[in-house]
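>>> how would this look folded up:
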Amino acid sequence: MVSNATEVSLSKFMTKLLRHTPEQYGLILDPEDGSCTVDDLLSVLVKAPRWSEVTVRDIRQVVTSCEKQRFEIEGDRIKARYGHSHTRIAYEPGNPPPTLYHGTYAGVLSAILEEGLQSMGRQYVHLSEGTHFASLAGSRRGNLILLTVDTISAGQMGVTFYYAGNEVWLADPIPSSCLNVYTPL
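Residues are numbered from 1 along each chain as shown. You can find the predicted model right below:
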């Protein structure tokens, strides 16, 4: 089993492979859902000198332990749940709860409140059902700001929402009129 620090590093490399540059490493992802077999992922991983000793068990540990729940294994296939930048992955439209959360940082708040939420180089805007995942995403770059998204208003304005699993929702760009700064009670 890999150590915690090694697990984080492996998770980052798996993210690169499954979300951003699979073709750079010769990994072919299913164009419909962005998945590949666990064995295909393993064969790419072990070609990298640092990961030559990685096992399927290590991959499964990363999937299970990843706090942000980035990955999903179904049968013999693995995929990143969200965050793709290489090709647009198809998700089924869904009906989100009335309020979703988005984590960001203070340095971009004024731009978001003016322009709305944009996908910023990814395929979709990332949202969550609770503040925990939104806080994890937003605290990476500075002072955390949590926004609430009025999904009913956004839906009426033509925004489509997609459920990515484990409390994570994806959406088309969201108008600023559907956003508020979250202030806990």
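>>> Following element in sequence after the lengthiest helix in the chain, please.
The residue-count maximum for a helix in the chain (DSSP state H) belongs to helix 4-15. Following helix 4-15 in sequence order, the next helix or strand is strand 36-37 (DSSP states H and E).
>>> what is the mean pLDDT for the longest helix of the chain?
Confidence for helix 4-15, expressed as mean pLDDT, is 85.
>>> Number the chain from 8, please
Taking 8 as the first residue, the last one we looked at is helix 11-22.
>>> Now do stretch 110-123: distance to the chain's middle.
When C-alpha coordinates are averaged (Cα atoms, centre = their mean, to the nearest Å), stretch 110-123 and its chain have centres 19 Å apart.
>>> quick one: buried residues of it?
For stretch 110-123, burial by neighbour count (16 or more other Cβ atoms under 10 Å) applies to 110-111, 119, 123. In short, each C-beta sits where N, CA and C put it, glycine included.
>>> now the residues you listed as a markdown table including secondary structure?
Compiled in a markdown table, the buried residues of stretch 110-123 are given as follows (DSSP: H, G, I helix; E, B strand; the rest coil):
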| residue | secondary structure |
| --- | --- |
| 110 | strand |
| 111 | strand |
| 119 | helix |
| 123 | coil |
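>>> Could I get the full set of helices for the protein?
For the chain, the helices identified by DSSP H occupy 11-22, 45-52, 63-72, 116-122, 138-145, 158-163, in order along the chain.
>>> picking that back up, please export the C-alpha coordinates of the longest helix of the chain as PDB.
Output of helix 11-22 as PDB, limited to C-alpha atoms (Å, rounded to 0.1, in the frame of the first residue of the first chain):
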ATOM      1  CA  ASN A  11      -0.400   9.100   2.300                       C
ATOM      2  CA  ALA A  12       2.000  11.500   0.500                       C
ATOM      3  CA  THR A  13       2.600   9.000  -2.300                       C
ATOM      4  CA  GLU A  14      -1.200   8.500  -2.600                       C
ATOM      5  CA  VAL A  15      -1.800  12.200  -3.100                       C
ATOM      6  CA  SER A  16       0.900  12.300  -5.800                       C
ATOM      7  CA  LEU A  17      -0.600   9.200  -7.500                       C
ATOM      8  CA  SER A  18      -4.000  10.800  -7.300                       C
ATOM      9  CA  LYS A  19      -2.600  13.900  -9.100                       C
ATOM     10  CA  PHE A  20      -1.100  11.800 -11.800                       C
ATOM     11  CA  MET A  21      -4.300   9.900 -12.300                       C
ATOM     12  CA  THR A  22      -6.100  13.200 -12.500                       C
END
